[in-house]
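# heads up, no residue letters with this:
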């Protein structure tokens, strides 16, 4: 069965790291997440909020599957729903 799960992070926790293999797709339930891209410098390129998502790019490219940004919790409590790669692929099918 396809199942979203819930995970919590504290401020400063790295949720996804640029250059690493991605395994989950995240939807922000509450809190804020700063998104950093090395090539863009030390400041966040965007701050994501409740209802927004990240992690899909690494899962859409099954061969490389490499994270293109670093996502860091920017609230005392960030709660996310997440789908593992296998459930994400079953839900969307072959999107390549």
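Received, thanks. Note that the structure is a prediction, hence the values are computed from the model and not measured.

# contacts, neighbours, all on C-alpha from now
Will do.

# Where does the prediction get shaky in this protein?
Counting by pLDDT under 70, the chain contains low-confidence ranges at 1-2, 62-63, 89-90, 92-96.

# Show me the helices in it, by range?
When assigned using DSSP state H, the helices of the chain occupy the ranges 56-60, 85-92.

# Could I get those in TSV, plus columns for distance to residue 78?
Formatted as TSV, the entries for the helices of the chain read as follows, by distance: least, Cα to Cα, whole Å:
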stretch	distance to residue 78
helix 56-60	18
helix 85-92	21
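
# Distance check, the residue nearest to residue 68 when sequence neighbours are not counted against residue 67.
Residue nearest to residue 68 in three dimensions, not counting chain neighbours: residue 18, with 5.0 Å by Cα to Cα, 6 or more residues apart in numbering. When Cα to Cα, to the nearest Å is applied, the distance between residue 18 and residue 67 equals 5 Å.

# neighbour count winner among the two?
Here residue 18 and residue 67 are compared on neighbour count by other Cα atoms under 10 Å; more neighbours surround residue 67, at 22 against 17.

# gap between that one and residue 40?
Distance from residue 67 to residue 40, counting by Cα to Cα: 15 Å.

# for residue 60, same thing?
Taking Cα to Cα, one finds residue 60 at 23 Å from residue 40.

# List the contacts of the residue nearest to residue 66 when sequence neighbours are not counted.
By the measure of Cα to Cα, 6+ apart, the closest residue to residue 66 outside its immediate chain neighbours is residue 21, 4.5 Å from it. Listed by Cα atoms under 8 Å, 6 or more residues apart in numbering, the contact partners of residue 21 are 58, 64-67.

# Same check on residue 64?
Residue 64 sits in contact with 21, 58, where contact means Cα under 8 Å, 6+ apart.

# for the one 5 residues further on, same thing?
Contacts for residue 69 were tallied using Cα under 8 Å, 6+ apart; they are 16-19, 35-38.

# Take these and lay them out in CSV including distance to residue 6.
Putting these into CSV (distance: Cα to Cα, whole Å) gives the following:
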residue, distance to residue 6
16, 15
17, 19
18, 22
19, 24
35, 20
36, 23
37, 25
38, 28
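
# wait, which of the residues you listed is closest to residue 80?
Distances from these to residue 80 were compared by Cα to Cα; the smallest belongs to residue 16, at 12.4 Å.
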